[in-house]
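Trainee: predicted model and sequence follow; I will ask about them next.
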There are 2 protein chains.
Amino acid sequence: MSVDRTRMRWNGWGWAAHKDIVAPREELWTWLAAELGMPALLATPARPLEELTLPASKLSAPDRTALNAIVGEENVRETAFERAFHALGRSYHDLLRLRAGDLSTAPDAVVYPRGTEEVLAVLALAAKQRIAVVPFGGGTSAVGGVSGTRGPFDTVITLDMSAMNRLIDIDPVSRTATAEAGINGPALEKALREKGFTLGHMPDSFEFSTLGGWIAQRDAGATDWLVVAKLATPRGLLSTGDFPASAAGVQMKDIVAGSEGMFGVITEAVVRLHKLPQMSDCRAWLFRDFESGAAAIRTAMQEGIACSTLFLSDAEETRFQRASHTLGKTPGIVQWLVAKYFKLRGYDKLPCKLAAVFEGDERIASFERDRFRAVARKHGALSLGRGAGEQWRKTRFQAPYFRDTLLDRGVGIDMVETAASWSKLEALHAGVQAALEAAIREAVPREGARGLVMCRMAHASPQGASLCFTVVFPRLLDGDIEQWRRIKNAAVEAVLANGGTLSHHLGVGQDHLPWIAQEKGQLGIDVLRAVKAALDPEGILNPGKLLP
Amino acid sequence: MSVDRTRMRWNGWGWAAHKDIVAPREELWTWLAAELGMPALLATPARPLEELTLPASKLSAPDRTALNAIVGEENVRETAFERAFHALGRSYHDLLRLRAGDLSTAPDAVVYPRGTEEVLAVLALAAKQRIAVVPFGGGTSAVGGVSGTRGPFDTVITLDMSAMNRLIDIDPVSRTATAEAGINGPALEKALREKGFTLGHMPDSFEFSTLGGWIAQRDAGATDWLVVAKLATPRGLLSTGDFPASAAGVQMKDIVAGSEGMFGVITEAVVRLHKLPQMSDCRAWLFRDFESGAAAIRTAMQEGIACSTLFLSDAEETRFQRASHTLGKTPGIVQWLVAKYFKLRGYDKLPCKLAAVFEGDERIASFERDRFRAVARKHGALSLGRGAGEQWRKTRFQAPYFRDTLLDRGVGIDMVETAASWSKLEALHAGVQAALEAAIREAVPREGARGLVMCRMAHASPQGASLCFTVVFPRLLDGDIEQWRRIKNAAVEAVLANGGTLSHHLGVGQDHLPWIAQEKGQLGIDVLRAVKAALDPEGILNPGKLLP
C-alpha cells in the first residue's frame, strides 16, 4: 500500500496526527530556556497552508495530457497540498522556508509512476518537452535534495516514487531481495521479516525514507548492501550487473550510489539480506570522557568485534538526554544511590554514554558481547546494563518530530555529520564543536543567549568513524535563515579544515553544494558532469543539486 | 629497490633463473600424456629473442629529448629486451604470441618515472605530442591489459611504474598505509610486516604484480581495502577523498578501481591494513562432492564465520593435485590405509578438497575454526588436518611458472574465472565445464585427445562466490591462437549465459573486450567513454583495452 501523503505534514516531519510526548512537559521548556540563556520560549507557529497562495502551475495542457496518458489521470496531481508537500525536503533550512510560507519551489505537478516503464516514458517525454524532473522518495532529504527547483526550465514536475513499493522477490539461497525503489523502511522490513530476513538499514528517517533514496543519497552502508540498481534515465534503462563481485571494469552500481537523482531515477534494486537474528541485545556503558569511549570503539573495530550498532554520545549529549528523561521526575533512592556511586568512581565530570547492539544466535552474540565488555572495561567503562541500552531503540525515530516541536517554541535544531579516519577524529571533534559554539554565539537573538552543541560517534570501522553533531539554539526570528547559514558555514569549514568529509550519510543536495568542488576537486566535478551528460544530455534531472 | 627487469623472462613468467620443480619429473609427463590422450609430449621451445627483429622505434628525437628531460636519460629505455619484455602481458594468449616471436606490440620506448610529478609531465607531453601511453605495473595482466597497442597513434610508450615502489607512510591509529603504486606484493608486505601489519592481498601474481595494478584491475577485494587513490591524468591529478566512508556523491575511488589504465595512471594509494595475526592456521577437509563443499562454504559465509582464505577444488582439480604430488612416489603403509579408509567412507567417487585459513589471536581463530569445523562436519566432510592445508601455501606462487613448463612440452593451460550469486553457481559450474570440455574436444591435435577441466570455488561472501576454471589441453601447434580463441569464446559465452560476470579478478583488457558491452549495456559503455573523455580527452591512455 502506498503512503497516503494527505495524512502527512506538508511543512514538517511525518504523520500529521503524531502527538509529541515532549511538547506538553513545561518543566522541560523552562529548563531548556535556562540552558539557552533565554528568559522564556514563546510560541512561534508555522503559517498554515490555507493562508498561502501557490504560483500557478506552468504545466501545459498538452504535457498534462501526455503525462495522464502515461501514468493515468489520478496519478498526475496538482492540488495545493501535493505541490506544497513536494516543494522542499525536510532539512532545517527547508523547514524554515516551509513554515514561513515560502512555496517558490513547489513543482508544477506531482506524478506518481507505477512501474519502471512509466518512469522511462515520463523521462523521455520530459527530455523532449524540456521539463525538469525531481525524483522524490520519502522526501526526507536533510540537505535540500528534493527541492522543486526548475533550473533553466519553465516547468518542473516531481516524480513521487511511493506507488512503486513492492517487494518483488526474495532469493533465500543468495540472501538477496529485489524491491521497487519507492518502498519505505517499515514496508520493506515488514515484508522481509515475514520471510525471516532483514536488511538492517535503519537511518533516523527510516519511517518515511525509501530504498531508492538511501541508494541515491549513498546513505551510510548503502554501498555495502547494494547488489544491483536499475536506473531509469532519459536515454533508457541502465541495469547494473547482478554479481557478488566483479573485476569487469568500473562498476555501474558505484555510479548509481550517490547519484542524488542527477543521472536517473532508481526504480528497482537488489539488496543483500541478513537472517533475522535470534537475539538482539542492546547494552550501555558509561565512559569517563569521549576519548576513552572512542578508544574503546576503535579497539573493538580493529579487533573485529561484531556489533550491529555502536554509538557514543559526548558529555553534552549524555547530559542533555539524561535531563530530558529525568526532568520533573523525583529521583528515587536507587537513582540517588547510583548518582552517588558515579560521583565516587569519577564518572560525574564529563561522562559519555555508549550503546552497543549484539546480534545473532545466542552463542555468537554473547561471545561478541563478552569481547566488547572486556574492551570497555579496559578503557575504564562502567556498565549500565541492558535497560539504558534499550531506551534509544524506543525513541530513535522520534527525533525528527522533536525538531518541529522545538521550532514551534522558537528553538532551532540542526545536524552536522561527517566522517574521518581515527587519527583525525579527535581534532575534528574539537574543531567542529568550537566552530559551532562560536557561530551560534555570534548569531543569537539576545546577549547572554547560547546554544547546545552535542556530538555522537557512530558507524565505526577499523579505519574511522562518523561524527554527528546536533546543535540546539534560540532562533533569530527576524533572520533565521541567515542564522542557519552562518552556523552551517562555520561547521562545514571546520569539517573540511580538519579532514572530514562533507557528508557521511545525508548527501550533498543544495545545502552542501558550495563545498563539493573543494571535496571532489575540479577533475572530480568534470567526471560527474560527464557522466550526467552521457545519461541526461538535456540536463532535466534534479536541477541545482550535487553539481555546482 | 626496483625490480631488475633484465633478470626476468621477457616471454614467460617471473625470474629467468627459476627452476621448475615439475619439469624434470618424467613420470608426470607420461601420466599427463595419457590423461590428454596423447602418445607423447614433445619439446616445443619458444623462439629466443636473439632470433627476432623488432620494428624500429618510432619515438622521434625531439620527443626522446623531452622524455629524457623529464625522467632522466637512463629511465627512457629502447633496448630490444626492454621493448620485448613490455610488448605484452602474461595471458596465455600473450605467451603464445611472445613464444612465437610476435613482437608487433612492442612499445617504441619504455619510460620509468620516479614520482607523481614525472608521470603528470610525461602524460602532458604525450597528450600534446599525440603519443599513446600504456601504464605498466608488474606486467602480469592475464587479459591483455598492458599490450603496447598504439591505437590511432604513430608512437606508443610504456610507463613502467616499478621505480615508484616506496612505502610512504603508515598510520597505525587508523590502520592505513600510503604507498607508491609501483610497489609489488613482496616489497609491500615486507615493509608492512616490519611494522606489524599486513594488507593480506595475495593473488597468484603476488610476486610481481603491483598495488597500482591490483587497483586498476579491480582485483578481488581491492575495493574493500582501497581508501584513497591518486590518479595522474593528462588533465592533472585526481585525488580521491581520504575518508572511511562518505555520502558526498559518487566516490571517485570507485571510478579509479577498475579503470585499467584508461583514465589515468595510479601513482599512489592509501590502503587499509590488518594487524599481523598471531596465528594463521590452515586446515583442509575432504567433501564427498562439490555441491556439499559449496553448501558448507555458503553456510559458513552466511553465518558470518571469519576465514581469511577459503577455497574448494572440484573433483577433477583434487584428483589432478593429488596425482601431481604422489606420482612416482611409492605410497607408504599410512597412505595405503588412508586410501582404504576414504573408500570405505565413500570419499573415493568425486572427493573435493577444501582449504581454509583461520587467522587472528589464538582464541578468536580457534573459535572461528571450531565454528567452521561444525559446519563442515554437518555437510559430511572428513578432516584432513593441518598438513594438507599448509601444502597450497608453499606452492601457491609456483602455478604461473608451471604454465611455461607445460608450454615447453606442447601443453596449453588457461584460466577462466567468474563470480555469481549462490543460486546461480551450480548451473554456472556445470555450464562452463561442459562448454570447456566440448570446445577442447573440437580443437585438439589428434583424434582421442582431450583436455582436463578443473574448477575452484573461492572469494566467497554471503551472497555468492567466484569460480576459477583451469583447463589443460594438448596444443594445436599449427593453430594454437585459434584453438585458444575457440576455448575462450565457448567459456565466456557459457559464463554470460549462466549469469556469471565476465571477470571476478583478472579484468577486461583486450581478451574480454568482445563481451564488455553485453555485460555493461550500451549506456554503461557510454558512461565509461564519457569519464575517459573527461580525463583523457586525446584518448592517449592504453588504447584498445576495456572499451570497445
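Mentor: Received the coordinates, thanks. Numbering: from 1, shown residues only, chains lettered A, B, ... in the order given.
Trainee: after the helix or strand containing residue A:368, next one along is what?
Mentor: Per DSSP states H and E, residue A:368 falls inside helix A:362-378. Sequence order places strand A:382-384 as the next helix or strand after helix A:362-378, per DSSP H and E.
Trainee: following that next one, which helix or strand comes up?
Mentor: Helices and strands here follow DSSP H and E; after strand A:382-384, the next one along the chain is helix A:385-395.
Trainee: quick check: the residue of the stretch 401-548 of chain A nearest chain B.
Mentor: residue A:464 (3.3 Å; C-beta to the nearest C-beta). In short, each C-beta sits where N, CA and C put it, glycine included.
Trainee: which one is that residue nearest to, not counting chain neighbours?
Mentor: Distances taken as C-beta to C-beta, 6 or more residues apart in numbering or on different chains place residue B:244 nearest to residue A:464, at 3.3 Å, with adjacent residues excluded.
Trainee: quick one: the strands in the stretch 201-350 of chain A, in order.
Mentor: Applying DSSP state E, counting those that start in this stretch to the stretch 201-350 of chain A gives strands spanning A:226-233, A:236-239, A:265-272, A:274-275, A:279-287, A:309-313.
Trainee: should've said the stretch 401-548 of chain A
Mentor: A:411-421, A:452-458, A:464-474.
Trainee: and for the stretch 51-200 of chain A?
Mentor: Along the stretch 51-200 of chain A, counting by DSSP E, counting those that start in this stretch, strands occupy A:76-77, A:109-111, A:131-136, A:155-160, A:167-171, A:176-180, A:197-198.
Trainee: could you dump those into CSV with mean neighbour count added?
Mentor: Listed next are the strands of the stretch 51-200 of chain A as CSV, based on neighbours: other C-beta atoms under 10 Å in any protein chain shown:
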stretch, mean neighbour count
strand A:76-77, 21
strand A:109-111, 24
strand A:131-136, 28
strand A:155-160, 27
strand A:167-171, 15
strand A:176-180, 24
strand A:197-198, 20
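Trainee: may I see the buried residues of stretch A:515-528?
Mentor: Within stretch A:515-528, the residues scored as buried using 16 or more other C-beta atoms under 10 Å in any protein chain shown are A:515-516, A:519-521, A:523-528.
Trainee: which residues of the stretch 151-300 of chain A lie near chain B?
Mentor: A:171, A:173-176, A:217-221, A:227, A:233, A:235-252, A:254-255, A:257-260, A:272, A:274-275, A:298 (C-beta under 8 Å from any C-beta of the partner chain).
Trainee: among those residues, which are located in helices?
Mentor: Those of those mapping onto helices are A:254-255, A:298, per DSSP state H.
Trainee: with respect to residue B:291, which of those is nearest?
Mentor: The closest of these to residue B:291 turns out to be residue A:254 (C-beta to C-beta; 33.0 Å).
Trainee: counting contacts, what elements does the lengthiest helix in chain A pack onto?
Mentor: Assignment by DSSP H gives helix A:513-535 as the longest helix of chain A. For helix A:513-535, the elements it packs on are helix A:480-497, strand B:236-239, helix B:513-535, judged by 3 or more C-beta pairs under 8 Å, 6 or more residues apart in numbering or on different chains; DSSP states H and E.
Trainee: and with 6 Å instead?
Mentor: With contacts taken as 3 or more C-beta pairs under 6 Å, 6 or more residues apart in numbering or on different chains; DSSP states H and E, helix A:513-535 sits against helix B:513-535.
Trainee: what is the orientation angle of the helix it packs on with helix A:513-535?
Mentor: Relative orientation of helix B:513-535 versus helix A:513-535 (axes from the mean of the first three to the mean of the last three C-alpha atoms, to 10 degrees): 140 degrees.
Trainee: need the mean per-residue confidence for helix B:513-535.
Mentor: The pLDDT scores in helix B:513-535 average 97.
Trainee: next: stretch A:160-171.
Mentor: For stretch A:160-171, the per-residue pLDDT averages 98.
Trainee: for stretch A:454-468, same thing?
Mentor: 97.
Trainee: for stretch A:245-261, same thing?
Mentor: Stretch A:245-261 shows a mean pLDDT of 95.
Trainee: what does stretch A:416-425 give?
Mentor: For stretch A:416-425, the mean pLDDT works out to 97.
Trainee: so what touches that stretch?
Mentor: Under the criterion C-beta atoms under 6 Å, 6 or more residues apart in numbering or on different chains, residues A:298, A:428, A:463-464, A:466-469, A:491, A:495, A:499-501, A:504, A:506, B:171, B:173-174, B:243-245 lie in contact with stretch A:416-425.
Trainee: also stretch A:225-243?
Mentor: Applying C-beta under 6 Å, 6+ apart, the external contacts of stretch A:225-243 come out as A:116, A:119-120, A:123, A:127, A:176, A:215, A:252-253, A:256-257, A:264-272, A:535-536, B:419, B:501, B:523.
Trainee: give the contact list for residue A:404.
Mentor: Neighbour list for residue A:404: A:12-13 [criterion: C-beta under 6 Å, 6+ apart].
Trainee: give me the pLDDT for it.
Mentor: Here the pLDDT value assigned to residue A:404 is 95.
Trainee: try residue A:327
Mentor: So residue A:327 comes in at 67 (pLDDT).
Trainee: also residue A:324?
Mentor: What the model reports for residue A:324 is a pLDDT of 75.
Trainee: what's the closest of the ones in helices among the residues of the stretch 151-300 of chain A next to chain B to residue B:476?
Mentor: residue A:254 (41.0 Å).
Trainee: number of nearby residues for the closest residue to the closest one other than its chain neighbours?
Mentor: Leaving out its chain neighbours, the residue that sits closest to residue A:254 by C-beta to C-beta, 6+ apart is residue B:254, at 3.5 Å. When neighbours are defined as other C-beta atoms under 10 Å in any protein chain shown, residue B:254 has 22 of them.
Trainee: same thing with the one 3 residues further on?
Mentor: Around residue B:257 there are 26 other residues, counting by other C-beta under 10 Å.
Trainee: surely it meets residue B:223?
Mentor: Yes: using C-beta atoms under 6 Å, residue B:257 makes contact with residue B:223 at a distance of 5.1 Å.
Trainee: isn't residue A:469 right up against residue A:458?
Mentor: No: counting by C-beta under 6 Å, residue A:458 is not a contact partner of residue A:469; they are 11.8 Å apart.
Trainee: how far does stretch A:259-269 sit from its chain's centre?
Mentor: Centroid separation for stretch A:259-269 versus its chain: 17 Å, with C-alpha atoms, centre = their mean, to the nearest Å.
Trainee: picking up where we left off before, export the strands of the stretch 401-548 of chain A as a markdown table, with columns for distance to residue A:86 and mean neighbour count.
Mentor: As requested, those are exported to a markdown table (distance: least, C-beta to C-beta, whole Å; neighbours: other C-beta atoms under 10 Å in any protein chain shown):
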| stretch | distance to residue A:86 | mean neighbour count |
| --- | --- | --- |
| strand A:411-421 | 22 | 25 |
| strand A:452-458 | 30 | 22 |
| strand A:464-474 | 27 | 25 |
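Trainee: export the ones you listed to CSV and tack on distance to residue A:80?
Mentor: Shown next, in CSV, are the strands of the stretch 401-548 of chain A (distance: least, C-beta to C-beta, whole Å):
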stretch, distance to residue A:80
strand A:411-421, 27
strand A:452-458, 37
strand A:464-474, 32
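Trainee: looking at those, which is closest to residue A:542?
Mentor: Closest approach to residue A:542 among the strands of the stretch 401-548 of chain A (C-beta to C-beta): strand A:411-421, 21.5 Å.
Trainee: tilt between the closest one and strand A:452-458?
Mentor: Using the same axes, to 10 degrees: strand A:411-421 against strand A:452-458 is 40 degrees.
Trainee: pairing partners for strand A:411-421, with directions?
Mentor: Note on strand A:411-421: by DSSP bridges, its sheet partners are strand A:464-474 (antiparallel).
Trainee: relative to strand B:176-180, how tilted is the strand it pairs with?
Mentor: Put simply, strand A:464-474 runs at 120 degrees to strand B:176-180, going by the same axes, to 10 degrees.
Trainee: low-confidence regions, chain A specifically.
Mentor: Where chain A drops to pLDDT under 70, the residues are A:1, A:327-342, A:344, A:347-348, A:388-389.
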